[in-house]
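J.: Could you look at this predicted model? Sequence included:
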Amino acid sequence: MKHGKKYNNAAKNIDKTKQYDSKDALALACTGATAKFDETVEVHIRLGVDSRHADQQVRGAVVLPNGTGRNVRVLVFCKEDKRDAALAAGADYVGAEDMAERIQKEGWMDFEVVIASPDMMGLVGRLGKILGPRGLMPNPKAGTVSPDVAKAVSEAKAGKIEYRLDKTNIIHCPIGKVSFGADKLEENFDTLLTAVTKAKPAAAKGAYFRSCTVASTMGVGIPVSTIKYGV
């Protein structure tokens, strides 16, 4: 794959044989981001588990202390008595059968987070084939199925992210924008890695963290040491 001049120049500053301290890695990611937009910084974590086994799944959610820098659009499925609280908390859309019908019949997908109260999961379950493949299906582990929908909305708006393994046993998560600077990004990084550490399955054997890389949207992947997390 060919890369542009800016990418190649940034790559010269990265020693791929070295594992950087997280703050140093994030500082390099920021200085190497040369796009004309505010690039997102992502973390890619390869774990020593096998996602094909139910007892080795790693999934959860965590609120980043400095947010993600994105204003996510939130859809809430709840009954009328919780509608006003959800809207007051910042929900962009609130409804029930009306919202389900828009999704099913119109292909409407103008949202990035779906939250549901437990009593609405019978309705939301019918949308599984649409929401599931997009990673939007509400889930108790991610805190998106909750009797307190207002609190769930507040957390989503504040920068709550979900982490989960893909089929290659890698977690991909955004931790903020380049404009945050290395200090705030490092706080978000540490919060995420601490949560993933605590989520280690009992069935996992050997090294838990196999590799960790940070990169901005258009930038170079930078290897990060995870030794301080002790797994």
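T.: Received the coordinates, thanks.
J.: Scan this protein for its longest helix.
T.: Counting residues, the longest helix found in the chain (DSSP state H) is helix 182-198.
J.: quick one: contacts for residue 210?
T.: 46-48, 169 (Cβ atoms under 8 Å, 6 or more residues apart in numbering). All C-beta spots, glycine's among them, are computed from the backbone N, C-alpha and C.
J.: One more: residue 205?
T.: By Cβ under 8 Å, 6+ apart, the residues touching residue 205 are residue 48.
J.: Could you measure from it over to residue 217?
T.: 35 Å (Cβ to Cβ, to the nearest Å).
J.: how would you label residue 218: helix, strand or coil?
T.: Of the three states, residue 218 takes coil under DSSP: H, G, I helix; E, B strand; the rest coil.
J.: Need the nearest residue in space to it, chain neighbours excluded.
T.: residue 35 (4.7 Å; Cβ to Cβ, 6 or more residues apart in numbering).
J.: From what I see, the one you found and residue 217 are in contact.
T.: Yes: between residue 35 and residue 217 there is a contact under Cβ atoms under 8 Å: 6.6 Å.
J.: Between these two, which has more neighbouring residues?
T.: residue 217 (15 against 12; other Cβ atoms under 10 Å).
J.: Now do the phi/psi pair for the more buried one.
T.: When read as degrees, to the nearest 10, the backbone of residue 217 gives phi -50, psi -50.
J.: With the one 5 residues further on instead?
T.: The phi and psi torsions at residue 222 (degrees, to the nearest 10) take the values phi -120, psi 120.
J.: what about it, how many residues close to it?
T.: 27.
J.: Name the helix or strand of the chain that has the lowest mean pLDDT.
T.: The helix or strand of the chain with the poorest confidence is helix 5-11; it has a mean of 62 (mean pLDDT, DSSP states H and E).
J.: what is residue 45 paired to in the beta sheet?
T.: Beta bridges link residue 45 to residue 171, residue 212, judged by DSSP bridges.
J.: List the residues that contact it.
T.: Residue 45 touches 170-171, 173, 193, 196, 209, 211-212, 226, counting by Cβ under 8 Å, 6+ apart.
J.: Mark which of the residues you listed are buried, thanks.
T.: By neighbour count, with 16 or more other Cβ atoms under 10 Å, the contacts of residue 45 hold 171, 173, 193, 196, 209, 211-212, 226 as buried.
J.: From these, pick the one nearest residue 31.
T.: Nearest to residue 31 among the buried ones among the contacts of residue 45 is residue 212, at 19.4 Å by Cβ to Cβ.
J.: Is it correct that the closest one is in contact with residue 222?
T.: No: Residue 212 lies out of contact with residue 222 (Cβ under 8 Å); the separation is 9.6 Å.
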